[in-house]
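> here's a sequence, model it:
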Amino acid sequence: MKISFLDVAQQELDEAINYFNHEVPNLGNEFLGEVLKALDRIGNHPHAWHPCSERTRRCLLRRFPYGMIYQTLENEILIVAIACLHREPNYWQDRINN
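Presented below is the predicted three-dimensional model:
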């Protein structure tokens, strides 16, 4: 199944990678590795995670306090947000059509 990112979700990913690499050398790359593992899990089992709405779910990263918010569409998984769990909850909801 095809996986794509909203532009704003891609920007969140890039910003998180840069932030972690700035804090500790190579930590951003480790964060990216966790995101890639989560994308693989989502691609293999798109309905396995906590539903946020009818078509939207959240997959938590194992090592970092982030969740990947995504929608399952007909032939695509759309990443809506790379959400820091310490941020305001549900800040991303205006990005989706339930």
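
> where do the helices of the chain begin and end?
7-23, 27-44 (DSSP state H).

> can you list the strands that the lowest-mean-pLDDT helix or strand in the chain pairs with?
Least confident helix or strand of the chain, by mean pLDDT, DSSP states H and E, is strand 50-51 with a mean of 90. Taking DSSP bridges as the criterion, strand 50-51 sits next to strand 56-60 (antiparallel) in its sheet.

> distance from the partner strand to the middle of the chain?
7 Å (C-alpha atoms, centre = their mean, to the nearest Å).

> phi and psi next, for the residue lying closest to Thr72 once chain neighbours are set aside.
Distance criterion C-beta to C-beta, 6 or more residues apart in numbering; nearest residue to Thr72, sequence neighbours excluded, is Pro46 at 4.8 Å. (Each C-beta comes from the backbone N, C-alpha and C, glycine too.) Pro46 adopts backbone torsions of phi -70, psi -20, taken as degrees, to the nearest 10.
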